[in-house]
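Q: Could you work out the structure for the sequence below:
(2 chains)
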Amino acid sequence: MVGGLRASDDGTEATLAGWVHRRRDLGGLLFLDLRDRSGLVQVSLGPEWTDEASMAHAQEIGHEDVILVEGVVALRPEGNRNADRATGDVEFRARTVRRLSKARTPEIPVYRAPEDELPAEELRLRHRALDLRRSELQRNLALRHRLVLEVRNYMDRHGFLEVETPILTKATPEGARDYLVPSRVHHGEFYALPQSPQLYKQILMVAGFDRYFQIARCFRDEDLRADRQPEFTQIDVEASFIDVEDILVWIQGLMASLADVAGIDAPLPFPRLTWAEAMERYGSDRPDLRFELELEDWTDATAGVDFGIIRSQVDAGGRVRGVRIPDGARLSRRQIESIEAVAKAAGAPGLLWAKRSEDGTSGPLGKFLEPTDADAMGLEVGDLALVAAGPDALTSPVLAAVRDEVAVVAELPRVREHAWLWVTDFPVYLEEDGELVASHHPFVMPHVDDLDLIETDPARVRGTAYDLVYNGTEFGSGSIRIHDPELQRRVLRVLGLTDTEIEEKFGFLLGALSAGAPPHGGIALGMDRIVQRFTGSQSLRDVIAFPKTTAARGLFEGAPTSVGAAELEALGLRLGPDVAGRGA
RNA sequence: GGGGCUGUAGCUCAGUCGGUUAGAGUGCCGGUCUGUCACACCGGAGGUCGCGAGUUCGAGUCUCGUCAGCCCCGCCA
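A: Prediction:
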């Protein structure tokens, strides 16, 4: 491993192999930077220590060729050391050099000068073998390996058993679109790739594997984002005879040891907020607590303000909420408008604001405020208030987006660099466009005190679900599950499923629950996302060796492709007229 | 499904108001050079301006369509 050579290795005979990262030909002397995944070392060739045939052969050696070098580690001459490089005190004096493999001129450079831009991502993905040679990606994948290893070690230490669950599974109504795989044996029938091993792991609990985990590949056929890939990896965990507290303690312990591997702070225990508190104080179920800025309820403080927008929203049952930015009056109109743009993108018709100065208050809302109103709102001279009025369902996401944007625009000081948080007690049901949907998934055990509300007031039923949040990103999500088949049926019925549909879709789960199911629960954590955040990568694509593009294509291998008529025939499939002419 | 940005040499980019032969750096090829490390210096090759229509005397430049990549909304835990 060439990157580990140091002055203490002076005089060591060795044979090194790797790629030619860079070459500097001085005529009589030739320097090659030799690279492997451990780093770089300078190989020097000169007539006094390199044999004649190798000197001649070396003339043909170019960038990214694979070479084998035999020689000795030597201290560099005084004055020729390179302090910017780990191996800079030494060089490898080649006695012989042999090219093992010639590389065509690289389509994209592996070497980058300090100020060079990265090649376009399309090219990086198309020529992934070259791109993956870059030290950043090598480092990302190496950290990913160490994190996965630590997951397995930690879970093993805590008595968890890794069990593999099927990749060819049954289509589930879990929300996202399934990837379907046609059955050759049963024409007209399809497997689905798993969106998660949720049902299998619950069945493993019924089977008595009371502590399970899996590094599980999952699939969702939905449109992509920078932080969303069609196939992704979850740390899937489930345990029996436990309560919420057990899971939170295990998992925060896991995260602390993963963070330790990555050199990131994760002081235990992690702070907690209930979902209701998080929504009230931050407008979000995954607030970024690196900075301190909380939403305020100014409904009462503005009760006397004669401003149409506010009055009409409050009369309709809404509230007046917002954020107070101390010293925020220094923000320019342009900066405030950029925050308002974010608010609008989050669904707000507009954003009200008020600046307080020595002369009073100004701004679209400010001009309606009396000094007593500003006092009631807690506004001090120099403060800026950003305000939204309306129902919480509208203002919460708006103000959450405003809060994040303010942190950037107003350069709010970070009170910590690594903000861990548990959000607990998610509701079982959320109302969306007048319809009830499961807030996590329909297997979440309702809070014991709220069981009577399931049919009468479902939106108020608290669940035993929790999310793990890191710097405003959801790392994972879990709950205690329903282990009573009758309760499971009740919860599903409220979602609008008929008994027939329930049997059809969840029959095998309900059957298993009837076989003597232990109380159980668990969590699923997004492995890719954890690695992304721990490495500081902008995109999930930088922590996955062979990712898909936003159009769900693999550019390196060229997936997906059309298939021939014979393959379709064997599967009992025929293409529709609008696609039949394309491709093979 | 919708919106936005980008596409010019192998790579990263510049290209004025629509005007003569489309440039730079780097890489590549050839040459000089015994301590370089973004080696230096000299010379050279390299272009379907993503693709297709249209406007125009004339299009890298303007218009429309289309393809690809990226970002966002919808969707998705």
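Q: Span of stretch A:432-442 from start to end?
A: Length of stretch A:432-442, first residue to last, CA to CA, to the nearest Å: 15 Å.
Q: can it be found next to RNA strand B?
A: Yes: Stretch A:432-442 comes into contact with RNA strand B (CB under 7 Å from any atom of the strand), by way of A:439-441. Using the backbone N, CA and C atoms, a C-beta is placed for each residue, glycine as well.
Q: likewise stretch A:6-17?
A: No: under the criterion of CB under 7 Å from any atom of the strand, stretch A:6-17 makes no contact with RNA strand B; the nearest approach is 13.1 Å.
Q: and residue A:105, what is it in contact with?
A: Residues near residue A:105 by CB atoms under 8 Å, 6 or more residues apart in numbering: A:62-63.
Q: about what we covered before: show me the residues of stretch A:432-442 next to RNA strand B that map onto strands.
A: For the residues of stretch A:432-442 next to RNA strand B, not one is inside strands, with DSSP state E as the criterion.
Q: Switch these over to JSON lines; also include neighbour count and pLDDT.
A: As requested, those are arranged in JSON lines below (neighbours: other CB atoms under 10 Å; pLDDT from 0 to 100):
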{"residue": "A:439", "neighbour count": "22", "pLDDT": "86"}
{"residue": "A:440", "neighbour count": "18", "pLDDT": "86"}
{"residue": "A:441", "neighbour count": "17", "pLDDT": "87"}
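Q: Out of these, which comes closest to RNA strand B?
A: The closest of these to RNA strand B turns out to be residue A:440 (CB to the nearest atom of the strand; 3.8 Å).
Q: In this model residue A:464 seems to touch the closest one, though I could be wrong.
A: No: using CB atoms under 8 Å, residue A:440 is not in contact with residue A:464, being 9.8 Å away.
Q: Strands along the stretch 151-300 of chain A, start to end?
A: A:161-162, A:180-182, A:190-192, A:211-219, A:231-240, A:272-274, A:295-297 (DSSP state E, counting those that start in this stretch).
Q: Tell me which of those lies nearest to residue A:475.
A: strand A:231-240 (9.4 Å; CB to CB).
Q: which helix of chain A spans the most residues?
A: helix A:135-157 (DSSP state H).
Q: List the contacts of that helix.
A: A:37, A:39, A:131-132, A:162, A:213, A:215, A:235, A:237, A:253-254, A:257-258, A:261-262, A:527, A:530-531, A:534-535, A:537, A:542-543, A:545.
Q: buried residues in stretch A:203-220?
A: A:203-206, A:209-214, A:216, A:218-220 (16 or more other CB atoms under 10 Å).
Q: try stretch A:83-90
A: Those would be A:87-90, for stretch A:83-90 by 16+ other CB under 10 Å.
Q: hmm, back to that, identify the farthest-apart pair in the buried residues of stretch A:203-220.
A: A:210 and A:220 (28.8 Å).
Q: burial count for residue A:467?
A: 21 (other CB atoms under 10 Å).
Q: Just the buried ones from the contacts of helix A:135-157?
A: Buried among the contacts of helix A:135-157 (16+ other CB under 10 Å): A:37, A:39, A:131-132, A:213, A:235, A:237, A:253-254, A:257-258, A:262, A:527, A:530-531, A:534-535, A:537, A:542-543.
Q: for the host helix or strand of residue A:388, packing partners?
A: Element membership for residue A:388 (DSSP states H and E) is strand A:384-390. Judged by 3 or more CB pairs under 8 Å, 6 or more residues apart in numbering; DSSP states H and E, strand A:384-390 is in contact with helix A:308-315, strand A:319-325, helix A:333-345, strand A:352-357, helix A:392-409.
Q: mean pLDDT lowest for which of those?
A: The minimum mean pLDDT among the helices and strands packed on strand A:384-390 belongs to helix A:333-345 (a mean of 86).
Q: contacts for that one?
A: Identification of contacts with helix A:333-345 by CB under 8 Å, 6+ apart yields A:350-351, A:353, A:384, A:386, A:388, A:398-399, A:401-402, A:404-406, A:409-410.
Q: how about a cut-off of 7 Å?
A: The contact list for helix A:333-345 (CB atoms under 7 Å, 6 or more residues apart in numbering) reads A:350-351, A:353, A:386, A:388, A:398, A:401-402, A:405-406, A:409.
Q: now those: which count as buried?
A: For the contacts of helix A:333-345, a burial check counting by 16+ other CB under 10 Å picks out A:351, A:353, A:386, A:388, A:398, A:401-402, A:405-406, A:409.
Q: Mind picking the two most distant members of these?
A: A:388 and A:409, at 16.6 Å, using CB to CB across these.
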